[in-house]
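Chemist: Requesting a structural model of the entry that follows:
(4 chains)
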Number of protein chains: 4
Amino acid sequence: MIRVAVVGAAGDIGGELLRLLIGHPEVEVAHAVSSRFPGKRVDGVHPNLRSATDLLFSTADEVEECDVVFLATPHRAAMTQMERWTGQAKQVFDLTGDFRLDDPEVFRRYYGTEHAAPHLLGDFVPGIPELYRDRLRTADLVSVPGCMAVAGVLALHPLAVESLIEPRAQFDARTGSSGSGATAGEANLHAERSGAMRVFAPTGHRHEAEISRHLGISAAMTATGVEAVRGVQTVCHATLRPGVGKSEVRRAFREHYRDEPFVRVVAHQRGTFRYPEPKILLGSNFCDVGFAVDEEAGRLVTIAALDNLMKGGAGNAVQCLNIRMGWPENLGLSFPGLHPA
Amino acid sequence: MIRVAVVGAAGDIGGELLRLLIGHPEVEVAHAVSSRFPGKRVDGVHPNLRSATDLLFSTADEVEECDVVFLATPHRAAMTQMERWTGQAKQVFDLTGDFRLDDPEVFRRYYGTEHAAPHLLGDFVPGIPELYRDRLRTADLVSVPGCMAVAGVLALHPLAVESLIEPRAQFDARTGSSGSGATAGEANLHAERSGAMRVFAPTGHRHEAEISRHLGISAAMTATGVEAVRGVQTVCHATLRPGVGKSEVRRAFREHYRDEPFVRVVAHQRGTFRYPEPKILLGSNFCDVGFAVDEEAGRLVTIAALDNLMKGGAGNAVQCLNIRMGWPENLGLSFPGLHPA
Amino acid sequence: MIRVAVVGAAGDIGGELLRLLIGHPEVEVAHAVSSRFPGKRVDGVHPNLRSATDLLFSTADEVEECDVVFLATPHRAAMTQMERWTGQAKQVFDLTGDFRLDDPEVFRRYYGTEHAAPHLLGDFVPGIPELYRDRLRTADLVSVPGCMAVAGVLALHPLAVESLIEPRAQFDARTGSSGSGATAGEANLHAERSGAMRVFAPTGHRHEAEISRHLGISAAMTATGVEAVRGVQTVCHATLRPGVGKSEVRRAFREHYRDEPFVRVVAHQRGTFRYPEPKILLGSNFCDVGFAVDEEAGRLVTIAALDNLMKGGAGNAVQCLNIRMGWPENLGLSFPGLHPA
Amino acid sequence: MIRVAVVGAAGDIGGELLRLLIGHPEVEVAHAVSSRFPGKRVDGVHPNLRSATDLLFSTADEVEECDVVFLATPHRAAMTQMERWTGQAKQVFDLTGDFRLDDPEVFRRYYGTEHAAPHLLGDFVPGIPELYRDRLRTADLVSVPGCMAVAGVLALHPLAVESLIEPRAQFDARTGSSGSGATAGEANLHAERSGAMRVFAPTGHRHEAEISRHLGISAAMTATGVEAVRGVQTVCHATLRPGVGKSEVRRAFREHYRDEPFVRVVAHQRGTFRYPEPKILLGSNFCDVGFAVDEEAGRLVTIAALDNLMKGGAGNAVQCLNIRMGWPENLGLSFPGLHPA
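Modeler: Residues are numbered from 1 along each chain as shown, chains lettered A, B, ... in the order given. Sure, this is the predicted structure:
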């Protein structure tokens, strides 16, 4: 059993971390830090945890030494306080945006601010098991990527790494409302957000920079909020290199993801769910990946779907933890999702 | 043409008033008062009004004398400032809760505060055309009732006034999220409110007192928020007086509502929409009323549905305005609702 | 390990049974029977089971002897074929409506048809662990109750059994669309059902008869479909016996449900989730129960929430299986639900 | 007053035509043809029309000579029966896909069947007032385009016609469930379709061919069903020609759409609704168009939103009718949409 702290535990990602870590057989949650609710019961904020825990929220100052700290704070809080947490735990898993990019210049362009700890950027291993599993086995600093970035990266990685596509792609990302955080403002009130198709970032979304970094291609993303609480779907448009057809695409996906515990290649010819769909992934850590090819036009469309709080956040972090600790990779992550839901 | 001011024009009810009044052939909207957005364009807050108006929000102090003022402010603002508005306009239509009850003691019990202008309570005519049309023809002070109260009152009025039911009833009211107002807090964020079945007032809801007042029976209401932006449905449970059966109930509804322009008695035997359903009433001023009778048990279930911002608020207020001005009662209120929607 | 068959495995309840039983450490799913999809992959219909199973649907005729059969067929198929299944398995868990009532006369009134096997009605133990746990330990025929019936029974059982309420109550049940089955007709198309508040049974719903049976009171139910895929909430209105107040109600709930693994008494004073809410229970087997008392009026409102496919169906059946087999009651049922979702 | 017939009147588009035409001051609806419900009341299928009409559905054989016929039948019925309808009415407005393409070869590729009346293809004027208004003034055969095609065409037309973009573009179209028709199958049941992000046509959607035709560029479309009943949003990705920047884009949109009664250029810098959003357009005939430019990358993103049953179908058809008859173009089409909704 290891002892862990979750910082930012009253938020949506924080709550999902608590759910997973409380149910994890090798983990004891020692601290759930919330600056807004210190002393209050955790299950008052996260009512799904009733009867699962009697934990109370605490302040950051109350955190004692522990094995692992998970940071699910607002952006910027992580980079200004990182040394506090590295002094207190052997491993830090950062789920904020602060250490997702390795180039301070790119960081400034996408985040609109100077990085507060640029010397640490290179120390963080990206929390994408499918690309960086070996490095994660020994990583003490892990930066868990953005939800739409995970979907975008997994949707094209096998094709990019094999140079089956031209080195640029367009990503159409759709997301549910939980990505906006538990303290979002009027734009996220139900009456405004319900049934929305809200293009909130036609260009310049931060996750775009992560995709470019990890795929080594030029990524252009458009992000839209659609009706869902959980769920991200990224549709990627790319151009096939000459001579590449459907069978190479299928082979590349199958080979790269054959042994991945949490990536499923969806390749049905028909059926309602023949392409990846987030709604069957609620609470699961799977990223489903599918594709369509227009061979005549050399056009490739790939689709990835995941639960933004799971494979797009907390679940992915726990998968990285399992890797780091040498535990079975799916420990505490076996929920398969629901149908219908 | 009359000149009107809408106070609280940035809210949900205020926006609906603007939509209706801007489209009304006999009305000029002179002022749209918002304390939050003075000087901003109205269509920045209510984007459905793009190209319909170039109006800017103004402060209350900028309001000049006009014919009619509509108050859609937060509760309590109306009762403390009523004399300001009566001094400035010939008629005041108050859509807040402040003047919906005529007994200051009942007001204190349901609103948890003393009434600030109890001497005015008796001067307001309730804005329910189906019960008080004659008084509305000459009323200078009109209090437009709560959305769930309108549905509850219209669901039982013919039976109560004819004493076909025992003088007590249970009201199960369901409502969409727009009833909570445009500045509601975290509980109304999409992620929390979406897909909800939220019992927010098992007992003691304020609209209960209005129903009791207007029906002259003892009303017990339970209010639940369900997934919808607009829409209220009130299901009423009553006991039939001995000897009363389905045919008397049908006759009473038909007779009382035969000439009502905005109450439709729904009495289909089958079909998806055989009972009143708010979702076909979006944007319309209709209140649909239906019923079922268990003659053996003497049990009556009636159902009323409406759009809470229309017949449950702004639309009802405009209907009252039309009555007061001697215009056709449905002027500016002819939108029939959508199917499907 | 026991071998089980699920009949009606392509439906919503059938799929949920498969999910639970495939993940159950003591169970092997030998057969998934579907008359519509024999020979097809199970995960083609239930895509959440991709990578969890390679099972194919089979016909009923292909079923070999096994330990337990779960019936999730359309109503009426169970009662006409029960002897087939009792001949093939040691235990039969019937999730249809066919054996939920013990009186053939009441069955005829509520189901509109003669019972095909009235001699078997008395042999079935109702699958409500909270009321019939001892009998379930040795039961070979179990009839799992209707989703709204479970919610209604658990919402009032402690008060009815202690005679704290008058022996009649009104139940306002709200349900998501998955209760209608995977082959429902036009009325359940998304465009018609989305955002609905559809009173589909103002009186006479079949689950009403179950509630009356198990609580020993006169139950009057009104059932409404609201926007949700999963989820049932039942709001119960009862009259307190003279002298009974809030503290007796709280005590009764606490005492009766203290040791129940899947009933949680929700008694918060405030917060968004202070009353039971189905949306935090997706995929979980909990039934949350809460209440409000108007002592002056002697009025009691209780609220129960559950996932209709879990505690309202498949989860409840697995809980009964665990009891019958002497396994820990929560085996395979530990998923806590999601927040937000 | 002209006399019109609506064929396919029980469907979603047919119902919307009825709503608009019944409310149109210059039109009398003589026939509402439905092969499924002859003799039944129209308001039994379209309950929003209660109290608006007593019309009964009739068979096609009962249709008498009239001025205009609107065809909202399933695809293929129009092209095989066109001569029947042209013999019976002066003008035919076809809302099916049968006459949307002018090249029988392209038709075969996208529709998978031979065209049954290729000699008529050239006689139909496309029902896009913004591009073909002059021809529509005298057209007797009008083919109203597909919902996603209208959005795609209006999103890029000013830029394509002025050659401000490279002659190819990617279209990401999202649509609500009403586009699937009132008799759609299991995939459109609420439990499956609710909350979906369903990529149903990654390549090869029929509306793609219409966009290519009308814009004169190479269009690649991906179509996704998202949670909504009504609403289409098309996000277009194009490459700006060298030297073209944000100001040219803005100018082109403004100039081309300045006098259009039903296209609004949305160019807000901030606010929840700064890009086009279908949810404020329910029941309205507007198509909102907006854009974002990444000048450095030469990347253009344009966004169009509309109600698929209105500007994407029935509303657009009535606008074309108004043009053909020389009536004010917005006659019967003045509903502005709702906020919130």
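
Chemist: need the strands for the stretch 201-341 of chain A, in chain order.
Modeler: Assigned by DSSP state E, counting those that start in this stretch, the strands in the stretch 201-341 of chain A fall at A:218-226, A:232-240, A:263-265, A:287-294, A:299-306.

Chemist: quick one, which of those strands is nearest to C:Glu26?
Modeler: Checking those against C:Glu26 by CB to CB gives strand A:263-265 as the closest, at 26.4 Å. C-beta here means a position set from N, CA and C on the backbone, and glycine is covered the same way.

Chemist: can you pull the contacts of whichever residue of the stretch 1-150 of chain A sits closest to chain D?
Modeler: For the stretch 1-150 of chain A, the residue closest to chain D is A:Arg109, as judged by CB to the nearest CB, at 10.4 Å. Taking CB atoms under 8 Å, 6 or more residues apart in numbering or on different chains as the contact definition, A:Arg109 lies against A:Ala209.

Chemist: Might you list the low-confidence residue ranges for the stretch 1-150 of chain A?
Modeler: Judged against pLDDT under 70, the stretch 1-150 of chain A has no low-scoring part.

Chemist: how about the residues of it near chain C?
Modeler: A:12, A:15-16, A:19, A:23, A:44, A:46-52 (CB under 8 Å from any CB of the partner chain).

Chemist: circling back to that earlier point, what about the strands of the stretch 201-341 of chain A, which gets the closest to chain C?
Modeler: With CB to the nearest CB as the criterion, chain C lies closest to strand A:263-265 of the strands of the stretch 201-341 of chain A, at 5.4 Å.

Chemist: With chain D in mind, check whether the closest one reaches it.
Modeler: No. Strand A:263-265 stays clear of chain D (CB under 8 Å from any CB), getting no nearer than 15.1 Å.

Chemist: Direction included, what does that strand pair against?
Modeler: Within its sheet, and counting by DSSP bridges, strand A:263-265 is paired with strand A:287-294 (parallel).

Chemist: how about the partner strand: buried residues?
Modeler: Neighbour-count burial for strand A:287-294 flags A:287-293 (criterion: 16 or more other CB atoms under 10 Å in any protein chain shown).

Chemist: tell me the angle of the lengthiest helix in chain A relative to strand A:287-294?
Modeler: Longest among the helix segments of chain A by residue count, using DSSP state H, is helix A:147-161. Using axes from the mean of the first three to the mean of the last three CA atoms, to 10 degrees, the direction of helix A:147-161 lies 50 degrees away from that of strand A:287-294.

Chemist: which helices and strands does the helix or strand following helix A:147-161 pack with?
Modeler: Later in the chain than helix A:147-161, the nearest helix or strand by DSSP states H and E is strand A:165-175. In terms of contacts (3 or more CB pairs under 8 Å, 6 or more residues apart in numbering or on different chains; DSSP states H and E), strand A:165-175 is packed against helix A:147-161, helix A:206-215, strand A:218-226, strand A:232-240, strand D:165-175, strand D:218-226.

Chemist: For B:Lys40, find the nearest of the ones you listed.
Modeler: Smallest distance to B:Lys40 across the helices and strands packed on strand A:165-175 (CB to CB): 23.6 Å, for strand A:218-226.

Chemist: how far off strand D:218-226 does that closest one point, in degrees?
Modeler: Calculated by the same axes, to 10 degrees, strand A:218-226 forms an angle of 40 degrees with strand D:218-226.

Chemist: and strand A:218-226, C-alpha only, in PDB?
Modeler: C-alpha atoms of strand A:218-226 as PDB (Å, rounded to 0.1, in the frame of the first residue of the first chain):
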ATOM      1  CA  SER A 218       1.700  20.000 -37.900                       C
ATOM      2  CA  ALA A 219      -1.700  19.800 -36.100                       C
ATOM      3  CA  ALA A 220      -4.600  22.200 -36.600                       C
ATOM      4  CA  MET A 221      -7.400  21.700 -34.100                       C
ATOM      5  CA  THR A 222     -10.900  23.100 -33.800                       C
ATOM      6  CA  ALA A 223     -12.700  22.400 -30.500                       C
ATOM      7  CA  THR A 224     -16.400  22.300 -30.000                       C
ATOM      8  CA  GLY A 225     -18.500  21.700 -26.900                       C
ATOM      9  CA  VAL A 226     -21.400  19.400 -27.600                       C
END
